[in-house]
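In: this one's sequence-less:
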């Protein structure tokens, strides 16, 4: 039984080492938004491109070519809900609340996104996904 447990531990460690790399080692990345339209945004080595589902044809069409984050923006997106209010209870901040939606909006229009540290995540909870 010990041999099997060691094999499982080794397999788990190999899986973690295989999956965890620096962001600079990524070959491709992307995300999909589903709302009033379906948008798939992707990057394959160079540049970021967005394609949108055209429901009339059932096909994706390139709608955002070579997306660049604007140098300045007017959007402020901050998860303030974890800060204490009266009697130490958290405030309830209103924002999209969805990392992908927030990042997509800032990617297109520029601005600031912040998800601060809180009781559950001492250093905030942004990470490379």
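Out: Looks like it came in fine. Computed from a predicted structure; not experimentally measured.

In: hey, let's count contacts and neighbours off CA atoms from now on
Out: Fine.

In: just how off-centre is the longest helix along the chain within its chain?
Out: Criterion DSSP state H: the longest helix present in the chain is helix 2-19. With C-alpha atoms, centre = their mean, to the nearest Å as the basis, helix 2-19 stands 28 Å off its chain's centre.

In: how about stretch 41-59?
Out: Relative to the chain's own centre, stretch 41-59 is displaced by 17 Å; criterion: C-alpha atoms, centre = their mean.

In: next, the buried residues of it.
Out: By 16 or more other C-alpha atoms under 10 Å, the buried positions in stretch 41-59 come out as 41-43, 48-53.

In: again, but for stretch 24-39
Out: 32, 39.

In: can we start the residue count at 58 from this point?
Out: With the count now opening at 58, the last piece we talked about shows up as stretch 81-96.

In: can you pull the contacts of residue 128?
Out: Contact partners of residue 128, counting by C-alpha atoms under 8 Å, 6 or more residues apart in numbering, are residue 167.

In: distance check, it against residue 121.
Out: For residue 128, the distance to residue 121 equals 17 Å [C-alpha to C-alpha, to the nearest Å].

In: with residue 163 instead?
Out: Distance from residue 163 to residue 121, counting by C-alpha to C-alpha: 14 Å.

In: likewise for residue 129?
Out: 19 Å.

In: look at these two and report which has more neighbours.
Out: Between residue 129 and residue 121, residue 121 has the larger neighbour count (other C-alpha atoms under 10 Å), namely 15 against 10.
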